[in-house]
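>>> after the sequence you'll find the predicted model.
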Amino acid sequence: MTEQNTLKNLIDDGTIESTLRQGSSARHAITALQTLLHWLGFDRELRWKKFGADGDFGKATTAAVAEFARRNGSAANGKRVSSTLAEKILARYDLLEQLKLLAEDIHKNRIEKHYRRGGADRIRIATLQTLLHELGFDAELKWDRFGADGDYGRSTTIAVAAFAIRESLAGDGSVLTIPLAERIVAQLRQFYGDSWLTPSHTPTPVPGSLSVISVIGNNNRQFLEVSDENHKKRFGKYSQGLYTAGDQKPAAFVASHAERLRALKVTRSEINVMIAVSENEGNLDAINTWDSAFLSFGLFQWTAGQGNAKGELPALLARIKDEDHDLFDKYCGQHGLDVVAVTPGPAHGYFSLRGTTLKTAAAKAHLRQAPWAFYFWLAGQDPEIQSFEIKHAVARLDQFYGAERYRVDNKFLVQDLVTSEYGVGLLLDQHVNRPAHVKTCLEQALKQTGLTNPRGWGTAEERMLIESYLKIRATTSMTDPEKRARVTKKYLTKGIISDERGSFKRSSSS
């Protein structure tokens, strides 16, 4: 990642052509160029086994630059790198891990499992969207509106179908077939060198208190390993950021830290609901710095906010700072990260970094850097932070459960209609994924069932409402609603949550 920054800085200050050329003495910059060309597959031209990244812009580097230029539609002779060619090198590098992931999934015969409408694997679906964008299907994807959002919905379906038509292959777009995936790889691999899929290992040290190196996994994909003196974590790479699903499961935490949660005034009922919903969201140490929200963390994948908007993650950190300042300083304050402008209600805010508020997309891009993925992942290992995650997740109920703006048919609060742990879990699951749909789905369910005043309802009536609600929810744009519903119901079947009316008990304060 430092290699990318080196080229970007040379482009920005207008010195790239005088720096990256034959005979230049700028060994650090030339090493960065050689390393990027190595990752892009030009080992043969670089004579990589003999020279590696030696910082000498000689015949081998000239040959590699010239071959990259030729494969990417440029007549450059390789003796110098223009800003245009450097930008193309960076663009191809940004796309590399997505292309490798698709190629790996073809090889392991798991294309149709993950790349389908309603699929839950956001990384893989965003990969497909990014590659289709590169192939020119922006209009079908509605790229300006959605980008690579990881949601295989109507727009992605249309784009895949359009690609199938262009390639004279079968497919209605609802699933990416192996022949379609193979054609995507075939069309994009031509821009890379012969060894793009299997480069050798090259460490990439990054200055500072953390060690950051690039490593190759068993599938020949590149990962970033970040460590301090006591901890080490390997992150997957995607686009401009990093990710890990984490391994700190909410259910396991709750089972071993019940007393800690009771001290935070979280009821057993609220805990049960969190367990039932969390499997559809994330582990307590899950991290994502690649998508449009810049940094996502934890149980509900709270984010820094898309574009210039406020995000929910600063609100979680504000809660920690308010209730345990030393804990906040341990993971954020000592690294220069703070929270500002946090609003009540649906709590959102901004981060500030060393006194500068991160309000714009350009400013928030700092959060994609490897240290922040590491620091938040490390925080997610701490039981005290995990406790706050559970408490903050419970507080999300305040946004809709008793909120006036969610009043159904202008008559009933959500908390009047649904009072079982199972029902609340389903509503919370939808609110995390598609908050605007909760009210409309309940309104349609009331109309469909003919149920009226909830004051006289028993368990049978609520079950009838929930059954109707689930059928309606399955027709919305919610990500994989039927699968998510099955996950929540699993906890009902196990007896962890109840569908008896009145079984959900809230704490006095969240």
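It's in.

>>> quick one, what contacts H366?
Contact analysis of H366 by C-beta atoms under 8 Å, 6 or more residues apart in numbering lists 353, 358, 372. Bear in mind the C-beta positions are built from the backbone N, C-alpha and C, glycine included.

>>> so which helix or strand of this protein has the lowest pLDDT on average?
Least confident helix or strand of the chain, by mean pLDDT, DSSP states H and E, is helix 258-263 with a mean of 76.

>>> please work out the average pLDDT along the helix or strand just after that helix.
Going down the chain from helix 258-263, the next helix or strand is helix 268-278, by DSSP states H and E. The average pLDDT for helix 268-278 rounds to 86.

>>> do the same with stretch 468-480
pLDDT averaged over stretch 468-480 gives 91.

>>> how long is it from one end to the other?
Across stretch 468-480, the terminal residues are separated by 17 Å (C-alpha to C-alpha, to the nearest Å).

>>> what separates it from the chain centre, distance-wise?
Distance, stretch centre to chain centre, for stretch 468-480: 23 Å (C-alpha atoms, centre = their mean, to the nearest Å).

>>> pull the residues that contact that stretch.
With C-beta under 8 Å, 6+ apart, stretch 468-480 has contacts from 118-120, 151, 153-154, 426, 430, 433-434, 437, 441-442, 444-445, 448-449, 481-482, 484-485.

>>> got the buried residues for it?
468-473, 478-480 (16 or more other C-beta atoms under 10 Å).

>>> quick check: domain ranges of the protein?
1-115+177-196, 129-175, 250-396, 400-493 (automatic domain parsing).

>>> could you check how far the residue of the chain most remote from its centre is from K411?
Going by C-alpha atoms, centre = their mean, the residue of the chain most distant from its centre is G456, 43.9 Å out. Separation of G456 from K411 (C-beta to C-beta, to the nearest Å) stands at 14 Å.

>>> ok, now which ones touch D291?
By C-beta under 8 Å, 6+ apart, the contact set of D291 is 122, 126, 148-150, 241.

>>> what residue, apart from its backbone neighbours, is nearest the residue most central in space within the chain spatially?
In the chain, the centroid-proximal residue (C-alpha atoms, centre = their mean) is N288; its distance is 4.2 Å. Closest residue to N288 apart from its sequence neighbours, by C-beta to C-beta, 6 or more residues apart in numbering: S296 at 4.1 Å.

>>> for the one you found, list each beta-bridge partner.
N288, T303 (DSSP bridges).

>>> list the contacts for it?
By C-beta under 8 Å, 6+ apart, the residues touching S296 are 282, 286-289, 302-304, 313.

>>> ok, now G307?
The contact partners of G307, by C-beta under 8 Å, 6+ apart, come to 292, 361.

>>> which regions of the stretch 51-200 of the chain sit below the pLDDT cut-off?
Scanning the stretch 51-200 of the chain for pLDDT under 70 picks out the ranges 199-200.

>>> where along it do the helices fall?
Listed in chain order, the helices of the stretch 51-200 of the chain (DSSP state H, counting those that start in this stretch) span 59-71, 83-107, 111-114, 122-134, 138-141, 143-146, 154-166, 178-189.

>>> among the ones you listed, which comes closest to L40?
Nearest of these to L40, taken as C-beta to C-beta: helix 83-107 at 5.8 Å.

>>> how about the closest one: buried residues?
83, 85-86, 88-90, 92-103, 105-106.

>>> same check on stretch 40-49?
Using 16+ other C-beta under 10 Å as the test for burial, stretch 40-49 gives 40-43, 45-48.

>>> same deal with stretch 137-150?
Of the residues in stretch 137-150, 137, 140-143, 147-150 count as buried by neighbour count, 16+ other C-beta under 10 Å.

>>> could you pull up phi and psi at Y491?
Here is the backbone geometry of Y491 (degrees, to the nearest 10): phi -80, psi -30.

>>> check the gap between it and Q34 for me.
Distance, Y491 to Q34, by C-beta to C-beta: 53 Å.

>>> the two: which has the busier surroundings?
Q34 (25 against 21; other C-beta atoms under 10 Å).

>>> give the contact list for the more buried one.
Applying C-beta under 8 Å, 6+ apart to Q34 gives the contacts 46, 52-55, 61, 64.

>>> which two of those residues have the greatest separation?
Taking C-beta to C-beta as the measure, the contacts of Q34 reach their widest spread between G55 and A64, a distance of 14.0 Å.

>>> which of those two has more neighbours?
Neighbour count, other C-beta under 10 Å: between G55 and A64, A64 has more, with 26 against 18.

>>> shouldn't that one be in contact with L37?
Yes - with contacts counted by C-beta atoms under 8 Å, A64 reaches L37, the gap being 4.7 Å.

>>> which residues are common contacts for those two?
With C-beta under 8 Å, 6+ apart, A64 and L37 have common neighbours 45-46, 193.

>>> distance to G502 added to the residues you listed, as JSON lines?
Output for the shared contacts of A64 and L37, formatted as JSON lines (distance: C-beta to C-beta, whole Å):
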{"residue": "E45", "distance to G502": "72"}
{"residue": "L46", "distance to G502": "70"}
{"residue": "G193", "distance to G502": "65"}
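
>>> phi, psi of K411?
With angles defined as degrees, to the nearest 10, K411 sits at phi -120, psi -50.

>>> what separation do you get for it and R262?
Applying C-beta to C-beta, the value for K411 to R262 is 36 Å.

>>> list the contacts for G41?
Listed by C-beta under 8 Å, 6+ apart, the contact partners of G41 are 192-197, 199.

>>> okay, it: pLDDT?
pLDDT, read off for G41, is 94.

>>> one more: the one 4 residues further on?
Here, the pLDDT recorded for E45 equals 96.

>>> right, and it touches Y192 too?
No - assessed by C-beta under 8 Å, E45 is found out of contact with Y192, at 12.0 Å.

>>> shared neighbours of those two, anything?
Taking C-beta under 8 Å, 6+ apart as the criterion, E45 and Y192 do not both touch any residue.

>>> could I get the buried residue list for stretch 239-249?
For stretch 239-249, a neighbour-count test (16+ other C-beta under 10 Å) marks 239, 241-244, 246, 248-249 as buried.

>>> for V215, state which of the residues you listed is nearest.
Using C-beta to C-beta, L242 comes nearest to V215 of the buried residues of stretch 239-249, at 12.8 Å.

>>> state the phi and psi torsions of the closest one.
When quoted as degrees, to the nearest 10, the phi and psi of L242 stand at phi -130, psi 160.

>>> which SS class is G402?
Here G402 is recorded as coil under DSSP: H, G, I helix; E, B strand; the rest coil.

>>> now do the buried residues in the host helix or strand of I390.
Assessed by DSSP H and E, I390 sits inside helix 383-395. By 16+ other C-beta under 10 Å, the buried positions in helix 383-395 come out as 385-395.

>>> Provide the contact partners of it at residue level.
Helix 383-395 has contacts (C-beta under 8 Å, 6+ apart) with 248, 250, 253-254, 257, 260-261, 264, 266, 270-271, 273-274, 277-278, 284, 298-300, 302, 315-316, 319-320, 323-324, 327, 331, 347, 379-380, 507, 510.

>>> please pick the buried ones from the residues you listed.
Buried members of the contacts of helix 383-395, counted by 16+ other C-beta under 10 Å: 248, 250, 253-254, 257, 260-261, 266, 270-271, 273-274, 277-278, 284, 298-300, 302, 315-316, 319-320, 327, 331, 347, 379-380, 507, 510.
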